[in-house]
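Enquirer: Based on what follows, work out the 3D shape:
(chains A and B)
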Amino acid sequence: MFTHNIYRNIRTRVIVVRESKMLLHAPCGDQMGGRDSYRVLPGGGLEPNESLYECAEREVYEETGLRVRVTSLAFLREWVVPKTVPTEVARRHGESLWFPGSSDEDGLPEHAYGLEVYLWAEIPEGARAEPKPGDENITGGLAEWVPLELVPDEPLFPMELKALARDLAEGRAHVGVPAFVSTPGSPWDGAEGDHVHP
Amino acid sequence: MALRGTMFTHSIFRSLRVRALIVRDGKMLILPRPDVVGGNPPQPGAAPGGGLHPNETMFEAAEREVFEESGLRVKARSVAFLREWVVPKHWPLEQTREMLSAQGVPREETEQCDHAYALEVWVWADLVGESAEPDRADVIEGPLKWVPLAEVEKEPVFPKELKALARDLAEGRARVGVPVFTSGLGDPWDEPEWGSFREAM
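Expert: Numbering: from 1, shown residues only, chains lettered A, B, ... in the order given. Here you go, the predicted structure:
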């Protein structure tokens, strides 16, 4: 994170809900210094020449073997070091958690910023929905479908996902906004499509 | 200092920007922006905004930038949409270099790398207080322009998706936004501060 590099500090996390279940990695190893293990969503960092949606779909495939289609942005989670995350905590956990490469060999100052982009995705009609091991070192264990009403009882990062799962379990509509890739054009151009919001 | 560089140096403090969407009394705030180039005419309107400073959240950056550029005090509320630049896959490499060159960025810098990425986070922001007039005179950008929502699509503005959004609002559709929250690590067994996700906004 302390390298300030976007390919390390912007990450996607993908929320796939199907038949009232959320796709989560199995609890991953104890990397919290003696604490219990925890679950995370599939996702990962941007690669060069990739949009957020493309990144999200690739990461889900690599980590779970599932082909998903991203539909919209669910929320953003930011890490502001040291304002909201103490520098020491960010350094200690950066490597093992969300922001690899947070060591300070480059001698940059003790501030850092990380952005996690949480995206809604769905499994297209007829596509396989059973996760299988990915072909890469994955963040957590093998992904599995966890019933929404059980999600709040799980050890989970970020904890805010518990409120989201509870909302969905209780039938509240999920809200998403678009993310779009800009292409060259004139400022006089009209907008394509009728509505910005899905 | 980490603030140097461009989208070609991949620094998050340059590649990530916020833009504030401010709507009041059926009008959207549009600013003529010297730093938005490309297209014709060369200085279309856009929304106030800019990059993050170290140790600043996205909403803090949005509120600061709006004040610097327009003299208005606002409160950022939620995320309206994201806009990405993916070079060269979705935006031509040479055009991007030219664009930055026109802004005074040396070619040597943009030629360091053959790919680039930028993310604009568009946030809904509300004016604080009653006045829609600047409360300072030395604003960076040009005069404020409050454009009726139904007329935004006739304006030269970037991005063009802003026109569809203004039309949606003009037709009475509800403003839709999603939350941003800052995060510590906490305990994975902890409960979030709010019971329902909608309380996050």
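Enquirer: Where does the closest residue to residue A:41 other than its chain neighbours fall, secondary structure wise?
Expert: In this structure, residue A:41 finds its nearest non-sequential neighbour in residue A:13, 4.4 Å apart by C-beta to C-beta, 6 or more residues apart in numbering or on different chains. In this view, the C-beta of every residue, glycine as well, is placed from N, C-alpha and C. Applying DSSP states H and E as the criterion places residue A:13 in strand A:10-18.
Enquirer: helix or strand right after that strand?
Expert: Heading C-terminal from strand A:10-18 (DSSP H and E), you reach strand A:21-25.
Enquirer: just the angle between the next helix or strand after that following strand and strand A:10-18, please?
Expert: Per DSSP H and E, the first helix or strand lying C-terminal to strand A:21-25 is helix A:52-64. Interaxial angle of helix A:52-64 relative to strand A:10-18 (axes from the mean of the first three to the mean of the last three C-alpha atoms, to 10 degrees): 70 degrees.
Enquirer: Which positions in the helix or strand following helix A:52-64 come out as buried?
Expert: Where DSSP H and E defines the elements, the next helix or strand beyond helix A:52-64 is strand A:69-81. For strand A:69-81, the buried set under the neighbour-count rule, 16 or more other C-beta atoms under 10 Å in any protein chain shown, comprises A:70-81.
Enquirer: possible to save the residues you listed as CSV with distance to chain B and pLDDT?
Expert: Below are these laid out as CSV (distance: C-beta to the nearest C-beta, whole Å; pLDDT from 0 to 100):
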residue, distance to chain B, pLDDT
A:70, 12, 97
A:71, 13, 96
A:72, 8, 96
A:73, 6, 97
A:74, 6, 96
A:75, 5, 96
A:76, 4, 96
A:77, 5, 93
A:78, 5, 92
A:79, 6, 88
A:80, 5, 88
A:81, 8, 84
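Enquirer: Would you format those residues as CSV with distance to residue B:62 included?
Expert: Shown next, in CSV, are the buried residues of strand A:69-81 (distance: C-beta to C-beta, whole Å):
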residue, distance to residue B:62
A:70, 25
A:71, 25
A:72, 21
A:73, 16
A:74, 20
A:75, 16
A:76, 12
A:77, 17
A:78, 12
A:79, 17
A:80, 14
A:81, 19
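Enquirer: mind listing the helices in chain B by residue range?
Expert: Under the criterion DSSP state H, chain B carries helices at the ranges B:12-15, B:58-70, B:93-102, B:107-110, B:161-170.
Enquirer: Okay, now the unreliable bits of chain A?
Expert: A:1-4, A:29-36, A:92-109, A:133-141, A:191-198 (pLDDT under 70).
Enquirer: The same query, at a cut-off of 50, please.
Expert: A:1, A:32-34, A:95-108, A:139, A:194, A:197-198 (pLDDT under 50).
Enquirer: on that earlier part again, mind listing what the residue nearest to residue A:41 touches?
Expert: By C-beta atoms under 8 Å, 6 or more residues apart in numbering or on different chains, the contact set of residue A:13 is A:40-43, A:77, A:116-119.
Enquirer: how many other residues sit next to residue B:171?
Expert: Burial measure for residue B:171: 11 neighbouring residues, criterion other C-beta atoms under 10 Å in any protein chain shown.
Enquirer: same deal with residue A:23?
Expert: 24.
Enquirer: OK, contacts around the residue nearest to it when sequence neighbours are not counted?
Expert: Leaving out its chain neighbours, the residue that sits closest to residue A:23 by C-beta to C-beta, 6+ apart is residue A:16, at 4.1 Å. Contact analysis of residue A:16 by C-beta under 8 Å, 6+ apart lists A:22-23, A:42, A:60, A:66, A:68, A:121-123.
Enquirer: of those, closest to chain B?
Expert: residue A:22 (13.3 Å; C-beta to the nearest C-beta).
Enquirer: I'd assumed residue A:146 was in contact with the closest one.
Expert: Yes: counting by C-beta atoms under 8 Å, residue A:22 touches residue A:146, with 5.4 Å between them.
Enquirer: higher neighbour count, those two?
Expert: Each of residue A:22 and residue A:146 has its neighbours counted (other C-beta under 10 Å); residue A:22 has more, 24 against 19.
Enquirer: how many neighbours does residue B:193 have?
Expert: Around residue B:193 there are 11 residues (other C-beta under 10 Å).
Enquirer: Actually, residue A:47.
Expert: For residue A:47, the neighbour count with other C-beta under 10 Å is 13.
Enquirer: same check, this time on residue A:56
Expert: For residue A:56, the neighbour count with other C-beta under 10 Å is 30.
Enquirer: try the one 10 residues further on
Expert: By the measure other C-beta under 10 Å, the count of residues near residue A:66 is 23.
Enquirer: From residue A:124, how far out is it?
Expert: Per C-beta to C-beta, to the nearest Å, residue A:66 is found 10 Å from residue A:124.
Enquirer: One more: residue A:5?
Expert: 33 Å.
Enquirer: Out of these two, name the residue with the larger neighbour count.
Expert: Taking residue A:5 and residue A:124 together and counting by other C-beta under 10 Å, residue A:5 has the greater number of neighbours (17 against 10).
Enquirer: Can you give me the buried ones in the lengthiest strand in chain B?
Expert: The longest strand of chain B (DSSP state E) is strand B:74-87. Residues of strand B:74-87 classed as buried: B:74, B:76-87 (neighbour count, 16+ other C-beta under 10 Å).
Enquirer: filter the residues you listed by proximity to chain A?
Expert: Within the set of these, contact with chain A (C-beta under 8 Å from any C-beta of the partner chain) is found for B:79-87.
Enquirer: TSV please, covering these and showing distance to residue B:105 and pLDDT.
Expert: Listed next are those as TSV, based on distance: C-beta to C-beta, whole Å; pLDDT from 0 to 100:
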residue	distance to residue B:105	pLDDT
B:79	28	97
B:80	28	96
B:81	27	95
B:82	24	96
B:83	20	94
B:84	20	94
B:85	15	92
B:86	19	93
B:87	14	91
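Enquirer: wait, which of those is closest to chain A?
Expert: Looking across these and measuring by C-beta to the nearest C-beta, the closest to chain A is residue B:82, at 3.7 Å.
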